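Colleague: here's a sequence, model it:
(4 chains)
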2 protein chains.
Amino acid sequence: MATLKEVAAHADVSVQTVSNALNAPHRLRPDTLQRVIRSIELLNYRPNRNARTLRTSAVELIGYCVPNRPDGQVHLVMDLFLHALCSAAETTDRHILLFTAPAGLDGMPVYDDLHARRLVDGFVLSQTETHDPRHGWLKDQQIPFVSFGRVWKETTQPGPWVDVDGAAGCGAAVRHLHETGRRRIGFLSWWKTSGLAEDRLAGWRSTCLELGLPATAGLAIRCTEDTIDEGARAAAELLDARQPVDGIVAISDILALGALRELTRRGLTPGVEVGVTGFDDSPLASVVSPALTSVHQPIDEIATELLGLLTDAGPASPPSSTERLLQPHLVIRGSSAPG
Amino acid sequence: MATLKEVAAHADVSVQTVSNALNAPHRLRPDTLQRVIRSIELLNYRPNRNARTLRTSAVELIGYCVPNRPDGQVHLVMDLFLHALCSAAETTDRHILLFTAPAGLDGMPVYDDLHARRLVDGFVLSQTETHDPRHGWLKDQQIPFVSFGRVWKETTQPGPWVDVDGAAGCGAAVRHLHETGRRRIGFLSWWKTSGLAEDRLAGWRSTCLELGLPATAGLAIRCTEDTIDEGARAAAELLDARQPVDGIVAISDILALGALRELTRRGLTPGVEVGVTGFDDSPLASVVSPALTSVHQPIDEIATELLGLLTDAGPASPPSSTERLLQPHLVIRGSSAPG
DNA sequence: GCCAGTGTTTTTAACGATCAAACGGCTGGT
DNA sequence: ACCAGCCGTTTGATCGTTAAAAACACTGGC
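Modeller: Numbers count the residues shown, from 1 in each chain, chains lettered A, B, ... in the order given. Below is the predicted model:
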């Protein structure tokens, strides 16, 4: 494996000149540059990243904690997200380092260790929860990070974040169902009151009210778990009501799939008698029949923004420039509008 | 951030002594060791991994290419696999570095580059295909790697591998359905003739023959894509045959879900009139109703074996010690046996 | 012919750790 | 009293790179 020294000897220049050829080519005389480049190619030289890191102390590695999937919670788009994150990192010659850690504050020593031992420059957090304690902790330790997801209910969020406007997403779903003639639209929500769930619920409610549609408490069902069965049960509840719904907006694709199953079981055709939408546009959405209309998160943009903020956001940056609320868009398929 | 030098000054010993305290504590006199350890803790010293790497040239990082999900292909267990891989790596203080690369030979320059620039020690390959060209290439370049999945159809496999006995998995599914009284068991396979598909198909066929059950070509349906619709269509074909099946072994959970849907549509109860099994034990299996009986791959063991082989397997290792065929086990749920 | 100014290249000195060899203190055999 | 051998510790060199400063070469003005 060739080193700078060997390239230098081959091109008959000093080591520093070869280094400059790579990092500041304008400093070299054109003919010297050519000669050095030829030697580099001839010897198939590649800079040793560790030596560079030692000197410059820029690791160019970003830590990402692989979520330990809690029972019943399915991350259907995680591989898409990771792919997007990697791609985005590679545009600036950085990479993603995976690690595992206990949830919440218990995991922070792991983050600290990775940073202190210089395995990573900083972190991308996901699975952000209401009152997530990790953000404040990292900020106190002055460890760079950026969060996918807001820390809900804090007055000021510690650190930069990128998030998707869930309210707007559900609003778009309601609007779409309204446009296709639905006049009574139910909402399938989650059991725990997370900021995420409240956000999406609020989007459903406000858009219904805005359009003059009912948005009573009875129209919003809290499912006890994120399963197809639970989605079916909740959908049944909405269909069996004195005034049955003709549209269902679900907070997740899994719950929406349950609603689809319940409709089919009753001999109803999703998209005809009742329109259904999901959230996340997971791979499952296009694999069922009729395919599921779903709110699509701009994953590539999320990844790009996350890594951009991680680079830019210093302690001095104004909060306004360290927050990005991205707009999702509705992918319309057969479950909401036939044809 | 404290360095060895600072710790040494604080403990009033030389730098090397502190290094020894960490890497070869038996060489120190107990009292010196205590003193050094106290200083290390007091200064909250953590060794700089990059400096260590530069000297020892052991990066302790393993590359894993995030699969670029081809359309229609769903990796439902990828997050579980990644978690297992990270955990296994961390037991020996290694980590997983993610990257993206084009499929097949086109991606090899990326592998080469990561290795040449010393970002990783070696690679874990997955998504192994029949005649996968990556293995031979890496072997030629003498880049360490280990493969999850055999290179089918090669006489000798280049490099170490870990795989799951798909034939045995499908055999177990057939045996289980036989034990619960099924006497005509169909198989839902994939369209392309991959080694993986052939392996599982062969397991179904041989076990059927062994048990005196029919295993004609008409009982094995090749689905044109891995979707719920296609699974339903294929299941319908098996159910509409002159001699309908009373058991269905599917090569994937997605296809099995399709079979479940088709049964329900016909007013049949999965697990009662017809038993159904899937493959992968993906999170979806326990989320549908009735829950899906499925072949579970020993993910943690796979990850541990992969990383073990990556460490051990040198060019001198005999092939016998660099191949691991692990046994899956059947997770029995309602879709095959009610109650 | 000297000097300032510009542009190119080399020299020196780290970055933070480990390895190999040398060193000094102590024990025990002769 | 001397030396061999062991143990714990220190010294010096090194991994491959980059930052900063010094050295060198050339140009043009006086």
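
Colleague: where exactly do the helices run in the stretch 51-200 of chain A?
Modeller: In the stretch 51-200 of chain A, the helices defined using DSSP state H, counting those that start in this stretch lie at A:78-90, A:108-116, A:133-140, A:166-179, A:195-210.

Colleague: dump the ones you listed into a markdown table; add mean neighbour count and distance to B:Arg49 as well.
Modeller: Heads up, the C-betas are built off the backbone N, CA and C, glycines and all. Below are the helices of the stretch 51-200 of chain A laid out as a markdown table (neighbours: other Cβ atoms under 10 Å in any protein chain shown; distance: least, Cβ to Cβ, whole Å):
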| stretch | mean neighbour count | distance to B:Arg49 |
| --- | --- | --- |
| helix A:78-90 | 22 | 19 |
| helix A:108-116 | 18 | 9 |
| helix A:133-140 | 18 | 19 |
| helix A:166-179 | 23 | 39 |
| helix A:195-210 | 20 | 36 |
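
Colleague: nearest to A:Ile37, out of those?
Modeller: Comparing these by their distance to A:Ile37 (Cβ to Cβ), the top pick is helix A:78-90, with 23.4 Å.

Colleague: is stretch A:142-158 positioned near chain B?
Modeller: No. Applying Cβ under 8 Å from any Cβ of the partner chain, one finds stretch A:142-158 separated from chain B by no less than 11.1 Å.

Colleague: quick one: which of the helices of the stretch 51-200 of chain A is nearest DNA strand D?
Modeller: helix A:78-90 (18.4 Å; Cβ to the nearest atom of the strand).

Colleague: elements contacting that closest one?
Modeller: On a contact count with 3 or more Cβ pairs under 8 Å, 6 or more residues apart in numbering or on different chains; DSSP states H and E, helix A:78-90 meets strand A:61-65, strand A:95-99, helix A:299-312, helix B:78-90, strand B:95-99.

Colleague: redo the ones you listed as JSON lines? Include distance to DNA strand C and mean pLDDT.
Modeller: Converted to JSON lines, the helices and strands packed on helix A:78-90 look like this (distance: least, Cβ to the nearest atom of the strand, whole Å; pLDDT from 0 to 100):
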{"stretch": "strand A:61-65", "distance to DNA strand C": "16", "mean pLDDT": "97"}
{"stretch": "strand A:95-99", "distance to DNA strand C": "19", "mean pLDDT": "98"}
{"stretch": "helix A:299-312", "distance to DNA strand C": "22", "mean pLDDT": "94"}
{"stretch": "helix B:78-90", "distance to DNA strand C": "18", "mean pLDDT": "94"}
{"stretch": "strand B:95-99", "distance to DNA strand C": "17", "mean pLDDT": "98"}
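
Colleague: could you dump these to CSV with distance to DNA strand D?
Modeller: Formatted as CSV, the helices and strands packed on helix A:78-90 follow (distance: least, Cβ to the nearest atom of the strand, whole Å):
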stretch, distance to DNA strand D
strand A:61-65, 16
strand A:95-99, 17
helix A:299-312, 17
helix B:78-90, 24
strand B:95-99, 19
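
Colleague: okay, those in a markdown table with distance to B:Thr155 next?
Modeller: Output for these, formatted as a markdown table (distance: least, Cβ to Cβ, whole Å):
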| stretch | distance to B:Thr155 |
| --- | --- |
| strand A:61-65 | 40 |
| strand A:95-99 | 35 |
| helix A:299-312 | 42 |
| helix B:78-90 | 28 |
| strand B:95-99 | 31 |
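
Colleague: who wins for proximity to B:Leu201 among these?
Modeller: helix B:78-90 (23.4 Å).

Colleague: how far off helix A:78-90 does that closest one point, in degrees?
Modeller: 60 degrees (axes from the mean of the first three to the mean of the last three Cα atoms, to 10 degrees).

Colleague: chain center to helix B:78-90, what's the gap?
Modeller: The chain centroid and the centroid of helix B:78-90 are separated by 9 Å, computed with Cα atoms, centre = their mean, to the nearest Å.

Colleague: and the angle for it with strand B:61-65?
Modeller: Going by the same axes, to 10 degrees, helix B:78-90 makes 160 degrees with strand B:61-65.

Colleague: residues in contact with helix B:78-90?
Modeller: A:66-69, A:75, A:78-79, A:82, A:98-100, B:62, B:64, B:67, B:95-96, B:124, B:126, B:299-300, B:302-304, B:306-307 (Cβ atoms under 8 Å, 6 or more residues apart in numbering or on different chains).

Colleague: how about 6 Å then?
Modeller: Residues outside helix B:78-90 that contact it (Cβ atoms under 6 Å, 6 or more residues apart in numbering or on different chains): A:66, A:75, A:78-79, A:98-100, B:95-96, B:299-300, B:303-304, B:307.

Colleague: show me the strands in chain A, by range?
Modeller: Ranges of strands within chain A are A:61-65, A:95-99, A:122-125, A:145-148, A:161-164, A:185-190, A:220-223, A:247-250, A:275-279, A:293-296, A:323-326, A:329-331, based on DSSP state E.

Colleague: hey, which of those is tucked in deepest?
Modeller: Highest mean neighbour count among those (mean count of other Cβ atoms under 10 Å in any protein chain shown): strand A:247-250, with a mean of 32.

Colleague: in terms of secondary structure, what does that one contact?
Modeller: helix A:166-179, strand A:185-190, helix A:253-265, strand A:275-279 (3 or more Cβ pairs under 6 Å, 6 or more residues apart in numbering or on different chains; DSSP states H and E).

Colleague: and the third one with chain B, contact?
Modeller: So that's helix A:253-265. No. Applying Cβ under 6 Å from any Cβ of the partner chain, one finds helix A:253-265 separated from chain B by no less than 6.6 Å.

Colleague: next one: that helix to chain centre, how far?
Modeller: With Cα atoms, centre = their mean, you get 25 Å for helix A:253-265.

Colleague: who's in contact with that helix?
Modeller: Residues beyond helix A:253-265 that count as contacts (Cβ under 6 Å, 6+ apart) turn out to be A:188, A:223, A:226, A:228, A:231-232, A:235-236, A:248, A:250, A:270, A:274, A:276, A:278, A:280, A:282, A:284-285, A:292, A:294.

Colleague: try the last one
Modeller: Surrounding strand A:275-279, the residues in contact under the criterion Cβ under 6 Å, 6+ apart are A:173, A:177, A:180, A:182, A:247-253, A:256, A:259-260, A:270, A:292-295, A:335-336.

Colleague: show me what contacts A:Pro133?
Modeller: Neighbouring residues of A:Pro133 by Cβ under 6 Å, 6+ apart: A:Gly104, A:Leu105.

Colleague: ditto for A:Ala197
Modeller: A:Ala197 neighbours (Cβ under 6 Å, 6+ apart): A:Ser189, A:Trp190.

Colleague: ok, it to A:Trp190 distance?
Modeller: Computed as Cβ to Cβ, to the nearest Å, the A:Ala197 to A:Trp190 distance reads 5 Å.

Colleague: same check on A:Cys223?
Modeller: Separation of A:Cys223 from A:Trp190 (Cβ to Cβ): 6 Å.

Colleague: so what pLDDT did the residue lying closest to A:Glu154 once chain neighbours are set aside get?
Modeller: Nearest residue to A:Glu154, sequence neighbours excluded (Cβ to Cβ, 6 or more residues apart in numbering or on different chains): A:His131, at 7.0 Å. A:His131 carries a pLDDT value of 87.
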